[in-house]
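K.L.:
can you look at this prediction? I've put the sequence above it.
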Amino acid sequence: MDTSIDPTITASVERDWQLTLPKHCTESDLLGLLGAEINRQILQDFSRLLSILYRVDIPEKKLRQTLHENRDKDAGHVIAVMILERQKEKKKLREMFKREDRDMDAEEKW
């Protein structure tokens, strides 16, 4: 079964990539649509692609290494997987810091 994507992640992807994703977006939906958009940008607007990758915090060194390791696979899909993984990491970090903030005493907060 294909898992649903958190709405905050789909909203972020829609905003960053100017895509319209299905209301109940699954991982395969997101990867398919995002991979196709990335492939389009590779061919037609490479500078915009690089700008977005920088903004969503995909390290260039990791990108090059991952693409090199997966050179027999579709580059758009490989990059889309990296973006989805990074968005999940960001969400997890935000939740962790919110939890820590709630657990602090009022005196410990700024």
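P.N.:
Great, that's in hand. Numbers count the residues shown, from 1 in each chain.
K.L.:
from here on, just use CA atoms for contacts and neighbour counts.
P.N.:
OK.
K.L.:
now the strands for this protein?
P.N.:
Read by DSSP state E, the chain holds no strands at all.
K.L.:
point out where it drops to low pLDDT.
P.N.:
Residue ranges of the chain with pLDDT under 70: 1, 99-110.
K.L.:
next, the distance between the ends of stretch 16-32.
P.N.:
Using C-alpha to C-alpha, to the nearest Å, the end-to-end distance of stretch 16-32 comes out at 16 Å.
K.L.:
list the buried residues for it?
P.N.:
19, 21, 25, 26, 29, 30, 31, 32 (16 or more other C-alpha atoms under 10 Å).
K.L.:
contacts only, for the residue nearest to the fourth one when sequence neighbours are not counted.
P.N.:
Distances taken as C-alpha to C-alpha, 6 or more residues apart in numbering put residue 4 closest to residue 26, at 4.2 Å, once the chain neighbours are dropped. Applying C-alpha atoms under 8 Å, 6 or more residues apart in numbering, one finds that residue 4 lies in contact with 24, 25, 26, 27.
K.L.:
tell me how far residue 4 lies from residue 98.
P.N.:
Taken as C-alpha to C-alpha, the span from residue 4 to residue 98 is 23 Å.
K.L.:
same check on residue 49?
P.N.:
31 Å.
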